[in-house]
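Undergrad: Starting from these lines, generate the structure:
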Amino acid sequence: MALSKWRMPSVCWPVLYVILLFAHACNGFYLPGSYMHTYSPGEHIFAKVNSLTSIETELPFSYYSLPYCQPGTGVKKSAENLGELLMGDQIDNSPYRFRMNVNETVYLCTTSPLNEHQVKLLKQRTRDLYQVNMILDNLPAMRFAKQNGINVQWTGFPVGYTPPNSNEDYIINHLKYRVLVHEYEGRGVEIIGTGEEGMGVISTDSDKKKASGLR
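TA: Residues are numbered from 1 along each chain as shown. Below you'll find the model as predicted:
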């Protein structure tokens with residue numbers, strides 16, 4: 001039986017040469033916001049603010065559509081990845097500053113006196129159940145509470161609070177944060193969680209004497 005001659009498959013050498021030429025130029029990359037940052041103790045970290053959201057209206061508003069205090073350097077868009085842009089998030093910088101692994105009891109951020117239009121806008125956003133959403137090191141600020149003996153959590157905190165059967169609205173302007181970190185020996189500190197321990201909600205008669213509502 002005669003055997004046919006075996007021939008090596010032809011190779012397109014120019015194409016192979018081009019592939020080998022550019023193979024060394026392929027480097028790994030990361031998506032911004034997809035990895036944890038490492039900070040030095042005392043390093044400044046600025047929180048970011050996202051859109052105001054409500055389960056009542058489902059219509060988001062920019063954080064700075066309300067008369068909140070603004071950064072001294074001006075408001076700047078601070079979205080870090082494509083997903084945030086595709087989701088329609090309006091992420092901006094903020095003046096709220098943390099220092100890594102340093103406990104601080106008071107950090108003031110003030111605004112100018114409110115005019116009548118701004119007061120009405122705050123009252124409306126409060127009654128529409130709008131939430132303020134903040135971000136620290138790409139982690140959302142969470143709010144923890146206990147209802148009927150069950151621990152619950154939400155993202156963000158309310159713009160304000162309207163007591164039942166009342167025409168007064170109280171704007172939340174005092175926050176207490178707890179930031180969970182993981183410290184590496186000789187390397188630095190990473191943020192692993194955020195949460196608001198308390199808010200400036202009027203809850204007792206003694207507190208009401210110290211606060212004034214927006215009428």
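
Undergrad: Please make it C-alpha for all contacts and neighbour counts, starting now.
TA: OK.

Undergrad: wait, is Gln124 part of a helix?
TA: Yes - remark: Gln124 belongs to a helix, assigned using DSSP: H, G, I helix; E, B strand; the rest coil.

Undergrad: Asp92 contacts Ala47, doesn't it?
TA: No - look at Asp92 against Ala47 with C-alpha atoms under 8 Å: they stay out of range, at 9.3 Å.

Undergrad: And the strands in this protein, which stretches?
TA: Assigned by DSSP state E, the chain shows strands spanning 44-49, 53-54, 92-99, 130-132, 134-136, 139-140, 142-147, 150-155, 157-158, 160-161, 170-171, 175-184, 188-199.

Undergrad: other SSEs contacting the third one?
TA: By that I understand strand 92-99. strand 44-49 (3 or more C-alpha pairs under 8 Å, 6 or more residues apart in numbering; DSSP states H and E).

Undergrad: ok, and the helix or strand in the protein with the lowest average confidence?
TA: helix 205-210 (a mean of 42; mean pLDDT, DSSP states H and E).

Undergrad: count of neighbours near Thr110?
TA: 9 (other C-alpha atoms under 10 Å).

Undergrad: Same question for Val179.
TA: Neighbours of Val179 (other C-alpha under 10 Å): 17.

Undergrad: What separation is there between it and Met142?
TA: Distance, Val179 to Met142, using C-alpha to C-alpha, to the nearest Å: 10 Å.

Undergrad: can you check Leu122 too?
TA: Distance from Leu122 to Met142, by C-alpha to C-alpha: 22 Å.

Undergrad: Surely His44 touches Phe98?
TA: Yes - between His44 and Phe98 there is a contact under C-alpha under 8 Å: 5.7 Å.

Undergrad: quick one: contacts for the closest residue to Lys77 other than its chain neighbours?
TA: Nearest residue to Lys77, sequence neighbours excluded (C-alpha to C-alpha, 6 or more residues apart in numbering): Asp92, at 4.5 Å. Contact analysis of Asp92 by C-alpha atoms under 8 Å, 6 or more residues apart in numbering lists 48-50, 75-79.
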